[in-house]
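> structure of the sequence below:
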Amino acid sequence: MWEEGTVIRPPGLDTIQEFKVENNAASAKYSRMTNIIMSTKSGTNRVHGAAFETNRNNAYGKSRSRTDFGAFPELSRNEFGANLGGPVYIPGLYTGRNRTFFFSAYEALRNNAPFSMATSVPTAAMRNGDFRGLLDSQGRLYRIYDPWTTNTNTWSREPFAHGGQTNVIDPAKISPLAKYIFSVVPPPTFPERNPLLESNWFGPAPDETRQWTVTERVDHRFATSDNAFVRFTYGGHNRIWDPYSNTVPSLDKIANWAHDDGVNASAAVNWVHTFSPTLFNELLGSYAHTGRDRLTGDPNVSYADQLGLPNPFKQKGFPYIQNVGMGAANYLRPYNHNLFDYDYYIVEDNATKIKGKHELQFGVRLKFDHLNTLPQQVNVTGITDFANVFVYRPQSPLNRRAEAP
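Modelled structure (predicted):
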């Protein structure tokens with residue numbers, strides 16, 4: 001199971017000998033009405049191999065989008081592989097012609113496809129506590145108030161001021177969390193723009209995928225009546241990307257970054273014995289494993305504790321920080337941790353008896369599934385939300401007129 005769809009990394013196309021889908025009047029030997037049957041290739045008496053490489057990059061097949069300001073995101077996509085099959089041959093020891101065969105295949109994907117993003121980030125002045133540039137579309141100044149000056153009788157607050165300048169915060173009062181945010185949010189690429197009115201940061205968001213798959217198969221004919229094969233397939237997947245289209249990728253590659261690691265592995269052993277021209281039997285054993293771990297940052301680190309944020313459940317991982325006053329609402333956001341680890345075991349025996357014009361099939365199938373799933377961990381490290389668009393004028397506690405902070 002991979003997001004209720006395909007497997008993490010399908011086997012290479014060159015490894016498939018036959019592909020068949022049965023969805024009508026399926027044989028009783030199948031446990032479901034719809035079945036997909038894939039048969040892997042085996043080696044032959046002739047040595048045969050192939051290799052391929054396909055590439056796509058900025059030089060062809062890619063156009064600039066309207067949001068590609070500045071550097072053009074560098075696309076580099078490569079799919080490549082090779083396979084080889086034939087008789088097993090060990091010089092001076094063994095010749096497998098007409099008896100023992102091998103088939104090996106490797107296939108991989110390397111795709112670096114960053115995409116352009118646009119958002120708002122604090123200016124250099126704001127990072128030093130200077131908010132005199134907080135102007136609306138009509139040039140009016142937004143006034144910010146010091147929460148530590150709240151009057152418990154009138155609920156009014158005093159405007160921030162430092163060095164005789166209004167809307168300037170004493171750098172000593174900037175919180176450790178704000179300092180962390182300023183350190184991981186990249187500087188604006190258009191510093192002259194007002195981040196309250198338009199995007200002032202344009203840049204590439206990461207999207208890098210690495211996939212690979214290996215298949216090995218050995219066939220052996222013990223006698224005219226006995227044939228067997230062993231197959232092993234392994235596929236891996238790794239992706240690092242920014243899953244959100246409106247958040248800036250952090251410089252420390254934690255918040256707004258997602259790491260996807262997955263694996264497919266399977267093995268099969270098959271033995272076919274012919275008792276007579278009208279009676280033969282197939283014994284098959286197979287094992288499959290699929291796993292996936294998707295997360296942000298180090299799952300063993302309590303980032304909320306490091307940043308001094310509430311962590312009531314004492315969970316590890318990065319917290320959800322949103323509504324800092326500009327840009328995307330979800331400013332620093334983790335990807336919900338999702339982990340599964342599945343194992344499938346199958347043993348089956350299929351016998352076929354031909355009687356005149358009739359074919360009789362009978363057998364047994366044993367299957368054991370071990371499904372270990374960690375449910376999506378949705379914001380277990382807490383949400384830190386600074387959404388507060390209302391402050392009170394000092395004239396009257398009853399006349400609560402709104403003013404943007």
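
> Gly129 touches Ile174, doesn't it?
Yes - taking CB atoms under 8 Å as the definition, Gly129 is a contact partner of Ile174 at 5.9 Å. Every C-beta, even on glycine, is put in place using the N, C-alpha and C of the backbone.

> please identify the buried residues of the host helix or strand of Gln211?
Using DSSP states H and E, Gln211 sits in strand 207-223. Under the neighbour-count criterion of 16 or more other CB atoms under 10 Å, strand 207-223 has Asp207, Thr209, Gln211, Trp212, Thr213, Val214, Thr215, Glu216, Arg217, Val218, Asp219, His220 buried.

> could those residues go into CSV alongside pLDDT and distance to Pro312?
Listed next are the buried residues of strand 207-223 as CSV, based on pLDDT from 0 to 100; distance: CB to CB, whole Å:
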residue, pLDDT, distance to Pro312
Asp207, 93, 34
Thr209, 95, 36
Gln211, 95, 39
Trp212, 96, 42
Thr213, 96, 43
Val214, 97, 46
Thr215, 96, 49
Glu216, 97, 50
Arg217, 97, 53
Val218, 97, 56
Asp219, 97, 59
His220, 97, 61
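
> between the residues you listed, which sits nearest Gly262?
The closest of these to Gly262 turns out to be Gln211 (CB to CB; 9.1 Å).

> now the biggest helix by length in the chain: mean pLDDT?
Using DSSP state H to assign secondary structure, the helix with the most residues in the chain is helix 176-184. In this model, helix 176-184 has an average pLDDT of 93.

> and the nearest residue to Gly43 once chain neighbours are set aside, how far is that from Pro204?
Nearest non-adjacent residue to Gly43, counting by CB to CB, 6 or more residues apart in numbering: Phe101, 3.2 Å away. The gap separating Phe101 from Pro204 is 48 Å, by CB to CB, to the nearest Å.

> so these two - more neighbours on which side?
Remark: of Phe101 and Pro204, Phe101 carries more neighbours, 22 against 18, as counted by other CB atoms under 10 Å.

> let's have the buried residues of strand 207-223 in JSON lines, adding distance to Thr119.
Below are the buried residues of strand 207-223 laid out as JSON lines (distance: CB to CB, whole Å):
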{"residue": "Asp207", "distance to Thr119": "16"}
{"residue": "Thr209", "distance to Thr119": "23"}
{"residue": "Gln211", "distance to Thr119": "30"}
{"residue": "Trp212", "distance to Thr119": "34"}
{"residue": "Thr213", "distance to Thr119": "37"}
{"residue": "Val214", "distance to Thr119": "41"}
{"residue": "Thr215", "distance to Thr119": "44"}
{"residue": "Glu216", "distance to Thr119": "47"}
{"residue": "Arg217", "distance to Thr119": "50"}
{"residue": "Val218", "distance to Thr119": "54"}
{"residue": "Asp219", "distance to Thr119": "57"}
{"residue": "His220", "distance to Thr119": "60"}
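
> so Thr373, which of the three states?
strand (DSSP: H, G, I helix; E, B strand; the rest coil).

> OK, contacts around it?
Shown in contact with Thr373 (CB atoms under 8 Å, 6 or more residues apart in numbering): Leu339, Phe340, Asp341, Tyr342.

> secondary structure element for the third one?
Using DSSP H and E, Asp341 sits within strand 337-355.

> bridged to Trp212, which residues?
Counting by DSSP bridges, Trp212 is bridged to Ala108, Gly236.

> then Leu284?
Applying DSSP bridges to Leu284 gives these bridge partners: Asn270, Glu348.

> ok so, going back, what's the most distant pair in the buried residues of strand 207-223?
Longest span within those, CB to CB: Asp207 and His220, 44.6 Å.

> on that earlier part again, output the contacts of Thr373 in a markdown table, with neighbour count and pLDDT appended to each entry.
Output for these, formatted as a markdown table (neighbours: other CB atoms under 10 Å; pLDDT from 0 to 100):
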| residue | neighbour count | pLDDT |
| --- | --- | --- |
| Leu339 | 17 | 85 |
| Phe340 | 17 | 86 |
| Asp341 | 15 | 89 |
| Tyr342 | 16 | 90 |
